[in-house]
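I need the structure of the sequence given here:
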Amino acid sequence: MSDVASREYEVTGTEARAGEIASLASVSDYVALLKPRVMSLVVFTALVGIVRAPGDVHPVIAFTALLCIAIGAGASGALNMWWDADIDALMTRTRGRPVPAGRVAPGEALAFGLTLAVGSVLVLGLLVNELSAALLAFTIFFYAVVYTMWLKRTTPQNIVIGGAAGAFPPMVGWAAASGGIGLESVILFLIIFFWTPPHFWALALYKTGDYARAGVPMLPVVSGAAETRRQILIYTLVLTPLGVVPYALGMAGLAYGVVSIASGAIMLALAVEVYRRREGAAADAAAKRLFAFSILYLFLLFAVLLVDAVRGPAWLGF
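Coordinates of the predicted model:
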């Protein structure tokens, strides 16, 4: 951490240190530590992994697996907020989080995250299977240690490599349902993996000042906006055909093919717009549109995969 960041966090963290003695946390603060928006995406993609896996899985086992995966994701979020409290205090987007705002003491966030991490892995291993528990443990470790503690503050490739953590849930769900790792779960992993950089770099383009102030070496801070736009376009050019692969390989029906091609075309068009618009409010607006649509893009792909698995590839007349 830089000297400036340290001094600023010492000021903004006064209430947090006081919270070590008397916590001001409410239930909503502990819910916020779980990063519920991220958790919802993790649960959704893990559910798709469960229902797409071969064979039948008992509903109780499926529910247990999803619950453990959700808790594991929440544990990762809590550990991330504990470690990143100093830089979160310097960013407008994150300074209101429970730890930098002083409502949850750092030690409490750490204990909360570790308890959830250990509990979710143990329960998944004991009640579902060891492979899914091992994958969940690795996912938590990768996000909390490899990404949060190492990559995020040391390399502009933090999002690229660290994005693997967010791509594992379909594989964890698949392993929980089948006891193995199938080709389809690997493809789902790759879709999320290549989706992550353009998604987060679009955000970083119009939040560059935040990241620079906190000393986080995001790509726009280190290499500039022009290189970031180029990388967004490159990754989107890989992502959009990859999103069609489940249909091309016969893993999903025609409805998925139509949705993946149409939404991929929109995603690519927005990435091109980001690449072309270089200055001022128009550039920020283009980045915001790509960021917003990228969330919808991933949701659409996985939603159709889910419906395709539940109702069969002939749904909606396709």
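
please count neighbours and contacts with C-alpha atoms only from this point.
OK.

so how far is stretch 97-113 off the chain centroid?
Stretch 97-113 sits 21 Å away from the centroid of its parent chain (CA atoms, centre = their mean, to the nearest Å).

tell me the buried residues in it?
Neighbour-count burial for stretch 97-113 flags 97-106, 108-110, 112-113 (criterion: 16 or more other CA atoms under 10 Å).

now stretch 240-248
Buried, per 16+ other CA under 10 Å, within stretch 240-248: 240, 242-247.

name the SS class of residue 250, please.
coil (DSSP: H, G, I helix; E, B strand; the rest coil).

any idea how far it is from residue 257?
10 Å (CA to CA, to the nearest Å).

show me which of those two is the more surrounded one.
residue 257 (19 against 11; other CA atoms under 10 Å).

leaving out chain neighbours, which residue sits closest to that one?
residue 247 (5.3 Å; CA to CA, 6 or more residues apart in numbering).

out of the buried residues of stretch 97-113, the closest to residue 48 would be?
Residue 48 lies nearest to residue 113 out of the buried residues of stretch 97-113, by CA to CA, at 25.5 Å.

excluding sequence neighbours, find me the nearest residue to that closest one.
residue 75 (4.3 Å).

and the pLDDT for that neighbour?
At residue 75, the pLDDT value in this model is 97.

now residue 72
Note on residue 72: pLDDT of 97.

any idea how far it is from residue 164?
15 Å.

of those two, who's got more company?
Using other CA under 10 Å as the criterion, residue 72 and residue 164 rank with residue 72 on top: 30 against 20.

residues contacting the more buried one?
116-117, 120-121, 136, 140 (CA atoms under 8 Å, 6 or more residues apart in numbering).

off-centre distance for the helix or strand it falls within?
Assigned by DSSP states H and E, residue 72 belongs to helix 59-83. Its chain's C-alpha centre and that of helix 59-83 lie 13 Å apart, by CA atoms, centre = their mean.

for that helix, which positions count as buried?
So helix 59-83, judged by 16+ other CA under 10 Å, has buried residues 61-62, 64-83.

what packs against whichever helix or strand comes after it?
Sequence-wise, the next helix or strand downstream of helix 59-83 (DSSP H and E) is helix 85-88. If you count contacts as 3 or more CA pairs under 8 Å, 6 or more residues apart in numbering; DSSP states H and E, helix 85-88 packs onto helix 3-12.

pLDDT of the helix it packs on, averaged?
Here the average pLDDT along helix 3-12 is 43.

contacting residues for residue 193?
160, 163-164, 166-167.

domains in this protein, by residue range?
Per the record, the chain has its domains at 1-181, 183-318, by automatic domain parsing.

which stretches of the stretch 151-300 of the chain form helices?
152-154, 158-167, 169-178, 183-206, 208-214, 219-223, 225-248, 254-276, 280-311 (DSSP state H, counting those that start in this stretch).

nearest to the spatial middle of this structure, which residue is it?
Nearest to the mean C-alpha position of the chain, by CA atoms, centre = their mean, lies residue 166 at 4.2 Å.

who's in contact with it?
42, 139, 143, 192-193.

swap the cut-off to 10 Å and go again
38-39, 41-42, 45, 73, 139-140, 142-143, 189, 192-193, 196 (CA atoms under 10 Å, 6 or more residues apart in numbering).

what do you get for residue 115?
Residue 115 neighbours (CA under 10 Å, 6+ apart): 71-72, 75, 109.

cool, residue 162 as well?
142-148, 150-152, 193, 196-197.

any stretches of this protein with poor pLDDT?
Within the chain, the segments meeting pLDDT under 70 span 1-23, 312-318.

and the residue lying closest to residue 92 once chain neighbours are set aside, how close does it get to residue 94?
Nearest residue to residue 92, sequence neighbours excluded (CA to CA, 6+ apart): residue 210, at 6.7 Å. Distance, residue 210 to residue 94, by CA to CA: 9 Å.

okay, and the common contacts of the two?
87-88.
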